[in-house]
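Colleague: quick one, structure for this:
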Amino acid sequence: MTLKICFLSPEYTGFGGGIGTFYRCLAPALVRAGAEVTVIEGSCFANSVMPSRTSVDGVVIRKLEAARVNAWLDKMNHLSALPSLSRHLAAAWASWEQAQENGPFDIIEATDFGLLMVPPLLAGNTPVIAQMHGSIGQIQSKDPAIGEEIAGALSLAIESEAARLVASCQTYSAANQDYWNRASGSHAVELLPPAWIGSGSQSQPATIRPIISVFGRIQMWKGPRILSEALTLLPDCPVVHWYGRDLVNSETGIGTTKDQLLKMYPAIWQGRVVTHDPVPPEAVQTLQASSLVNLIPSTWDVFNFTVIEAMASGRPVVCSDRAGAAELIEDGVTGFVYDGTSAQALAVALQRALALSPEESLKMGAAAQAQIASLLDPDLIAKQRIDAYIRAIDNKQIEASAPDWLLQVTKPRQHSPEKYYFLNNLPLRPLVNHIGRRVVSKLKGK
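Modeller: Below you'll find the predicted structure:
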């Protein structure tokens, strides 16, 4: 019997974040193991105007259709006071609708991000695996965005309940497993390693650049503040090159994270840290392999595939213990791990890495390459995950177990109230004043 698997994921193609990397490494291995794999790719942030169907390495990829998202959004007016939550849920229901039209499937694996696991869970007709990559609620709690406090808290409540109800809840770092065991109260979250298909056998470049490289979005929980403080302790440290998208400053809602860092640490971000736009995966491999040291300074990360990429590069890795993938590193043997809350600890770890001789650097890099090739072999991981899918099929959940509040919040309504009806509950004077301030701000281009 051929196992038919459907992934509901916000990303798969292109070079987005870790979720796309996770599935691009896993899905082809599942196909080689004999499974049929379909991916419904998209979210409220990324969807397709036109229907799209492609096949890569035997994996069928269908883009989430924008028209479906908009149609479901019209049924989520009861959440119009929380627009980000209503958009996520509309995209989740659209994704599930599209999956049903391409099924049937034996198992649905859906991400926590975007609440994509919620609609198939509530439908109750196909076993669901919730893959916990880093959820909306988690991100809001670690990197609070102004105005998103209630949406983030409610998302976390939905995610925790869903993690308890699905046929199987999985993740790929021990720290995240512990988090969701506590959040769901189930103590049954499975820990399964990710697959990895990077080029760990690539030869070292002829020239190693005397720089430290960081790859990741410029946002506070990726560690730029700790890095800045560490660099003030290391006046002779090589220049840091940071490749990644500069995001809105979540602490103020005004300007970007780099703008804030320039104000806080002008001497660091005006020359000692050089920023670059994101680069495609093949460029990441080349740049990491030619860097003196690769750094992952996250103050929180469920996993962070940049750690694996850095280990595969053959160059020394310095990694915060707050990144889940730090669990793969044996300190002093396959890289360096430090207390991710301490600038002093980061400074010491960088000194250790920079003190390595060329021969010691090569030895450490080779050990890291061998470790991930052994632990994260995609064909081995595919077999483990197929076994987990079969267990989940035998543990199918039913909609009746979902509490009423979860249904009331997350289910679309055929007869939704007027979209902004909730504004009738607000005093008119502050509402008019707010509109006036917002119009002026728009006219000024802020």
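Colleague: from T256, how far off is R391?
Modeller: Applying CB to CB, to the nearest Å, the value for R391 to T256 is 45 Å. Glycine gets a C-beta too; all of them are placed from N, C-alpha and C.
Colleague: which residues of this protein score low on pLDDT?
Modeller: Where the chain drops to pLDDT under 70, the residues are 199-206, 396-400, 415-417, 445-446.
Colleague: one more pass at 80, please.
Modeller: Low-confidence regions of the chain, defined here as pLDDT under 80, cover residues 1, 15-16, 186-187, 198-206, 250-253, 395-401, 414-418, 441, 444-446.
Colleague: mind listing the strands for this structure?
Modeller: Secondary structure of the chain, counting by DSSP state E: strands at 4-9, 36-41, 53-56, 59-63, 107-111, 128-131, 168-171, 190-191, 209-215, 240-243, 273-276, 291-296, 317-320, 336-338.
Colleague: what sits against V60?
Modeller: Applying CB atoms under 8 Å, 6 or more residues apart in numbering, one finds that V60 lies in contact with E36, V37, T38, V39, R53, T54, N102.
Colleague: just among those residues, which is most surrounded?
Modeller: V39 (26 neighbours; other CB atoms under 10 Å).
Colleague: the contacts of V60: which two are farthest apart?
Modeller: Using CB to CB, the contacts of V60 reach their maximum pairwise distance at E36 and T54, which is 15.4 Å.
Colleague: how is this protein carved up into domains?
Modeller: According to automatic domain parsing, the chain is divided into the following domains: 4-195+383-417, 209-376.
Colleague: show me where the stretch 151-300 of the chain has its helices.
Modeller: Taking DSSP state H, counting those that start in this stretch to define them, one finds helices in the stretch 151-300 of the chain at 174-184, 224-232, 257-264, 266-267, 281-289.
Colleague: so which of those helices is the most packed in?
Modeller: Ranked by mean neighbour count under mean count of other CB atoms under 10 Å, the helices of the stretch 151-300 of the chain are led by helix 224-232, which reaches a mean of 22.
Colleague: save the strands of the chain as TSV, and put in distance to R24 too.
Modeller: Compiled in TSV, those are given as follows (distance: least, CB to CB, whole Å):
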stretch	distance to R24
strand 4-9	10
strand 36-41	9
strand 53-56	9
strand 59-63	9
strand 107-111	14
strand 128-131	14
strand 168-171	18
strand 190-191	21
strand 209-215	17
strand 240-243	19
strand 273-276	23
strand 291-296	20
strand 317-320	22
strand 336-338	27
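Colleague: which one of the ones you listed lies nearest to N433?
Modeller: Smallest distance to N433 across the strands of the chain (CB to CB): 38.3 Å, for strand 273-276.
Colleague: nearest to Y12, of the helices of the stretch 151-300 of the chain?
Modeller: Proximity to Y12 (CB to CB) singles out helix 281-289 among the helices of the stretch 151-300 of the chain, at 13.3 Å.
Colleague: name the helices or strands packed onto the closest one?
Modeller: For helix 281-289, the helices and strands in contact under the criterion 3 or more CB pairs under 8 Å, 6 or more residues apart in numbering; DSSP states H and E are strand 209-215, strand 240-243, helix 305-312.
Colleague: centre of the chain versus it, how much separation?
Modeller: Averaging C-alpha coordinates over helix 281-289 and over its chain gives two centres that are 20 Å apart (CA atoms, centre = their mean, to the nearest Å).
Colleague: tell me the angle it makes with helix 305-312.
Modeller: Compare the direction of helix 281-289 with that of helix 305-312 by axes from the mean of the first three to the mean of the last three CA atoms, to 10 degrees and you get 60 degrees.
Colleague: tell me the angle helix 281-289 makes with strand 209-215.
Modeller: 130 degrees.
Colleague: then helix 281-289 to PDB, C-alphas only?
Modeller: Listed next in PDB are the C-alpha coordinates belonging to helix 281-289 (Å, rounded to 0.1, in the frame of the first residue of the first chain):
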ATOM      1  CA  PRO A 281      21.100  28.600  -0.700                       C
ATOM      2  CA  GLU A 282      24.000  27.900  -3.100                       C
ATOM      3  CA  ALA A 283      25.500  31.300  -2.300                       C
ATOM      4  CA  VAL A 284      25.100  30.600   1.400                       C
ATOM      5  CA  GLN A 285      27.100  27.500   1.100                       C
ATOM      6  CA  THR A 286      29.900  29.300  -0.800                       C
ATOM      7  CA  LEU A 287      30.000  32.200   1.600                       C
ATOM      8  CA  GLN A 288      30.000  30.000   4.700                       C
ATOM      9  CA  ALA A 289      32.700  27.700   3.300                       C
END
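Colleague: now do it against strand 291-296, angle only.
Modeller: Here the directions of helix 281-289 and strand 291-296 differ by 110 degrees (the same axes, to 10 degrees).
Colleague: enumerate every residue touching E159.
Modeller: Neighbour list for E159: D112, L115, S135, I136, G137, Q138, A183 [criterion: CB under 8 Å, 6+ apart].
Colleague: among those, which two are most distant?
Modeller: Using CB to CB, the pair of the contacts of E159 lying farthest apart is L115 and A183, separated by 14.6 Å.
Colleague: okay, the domains of the chain in TSV with distance to P427 next?
Modeller: Conversion of the domains of the chain to TSV gives the following (distance: least, CB to CB, whole Å):
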stretch	distance to P427
domain 4-195+383-417	15
domain 209-376	23
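Colleague: of all these, which one comes closest to K442?
Modeller: Closest approach to K442 among the domains of the chain (CB to CB): domain 209-376, 13.9 Å.
Colleague: quick check: end-to-end length of the closest one?
Modeller: Domain 209-376 has an end-to-end distance of 28 Å (CA to CA, to the nearest Å).
Colleague: how far out from the middle of the chain is that domain?
Modeller: The gap between where domain 209-376 is centred and where its chain is centred comes out at 17 Å by CA atoms, centre = their mean.
Colleague: and what of stretch 147-165?
Modeller: Its chain's C-alpha centre and that of stretch 147-165 lie 16 Å apart, by CA atoms, centre = their mean.
Colleague: same deal with stretch 120-133?
Modeller: Stretch 120-133 has its average C-alpha position 19 Å from the chain's average C-alpha position, going by CA atoms, centre = their mean.
Colleague: can you check stretch 21-39 too?
Modeller: What separates the centre of stretch 21-39 from the centre of its chain is 19 Å, taken as CA atoms, centre = their mean.
Colleague: the strands of the chain: which one's closest to I226?
Modeller: Ranking the strands of the chain by distance to I226, with CB to CB as the measure, places strand 317-320 first at 7.8 Å.
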